[in-house]
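> This is a predicted model, with the sequence first.
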Amino acid sequence: MGVKTVLPATPTDAYGLLATAIRDDDPVVFFGPLASLGVREDVDYADLQPIPLGVGRVHRPGDE
């Protein structure tokens, strides 16, 4: 048993991670930082799906 921590970057990520956190057997800490509350995007409800925990997503790659 462990505690998992999630930090969504976009509204689509927030939906997917929250859905997964609710269904998870272990406790999950869901952070919603103040800086990300202003992020807006058009969300297609047909594309919303749970995002598995432990798998990272790269929205914008950095410099190598």
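Looks like it arrived, so ask away. Numbering: from 1, shown residues only.
> quick one: contacts for Asp24?
Neighbour list for Asp24: Lys4, Leu53 [criterion: CB atoms under 8 Å, 6 or more residues apart in numbering]. Every residue, glycine included, has its C-beta placed from N, CA and C.
> How about the one 4 residues further on?
Residues counted as contacts of Val28 (CB under 8 Å, 6+ apart) are Val3, Lys4, Thr5, Val6, Thr20, Ala21, Leu53.
> Report pLDDT for the last one.
Okay, so that is Leu53. Per-residue confidence (pLDDT) for Leu53: 90.
> show me what contacts it?
Lys4, Val6, Leu17, Thr20, Ala21, Asp24, Val28.
> For those, give me a markdown table that also has pLDDT.
Formatted as a markdown table, these follow (pLDDT from 0 to 100):
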| residue | pLDDT |
| --- | --- |
| Lys4 | 92 |
| Val6 | 91 |
| Leu17 | 91 |
| Thr20 | 93 |
| Ala21 | 93 |
| Asp24 | 92 |
| Val28 | 94 |
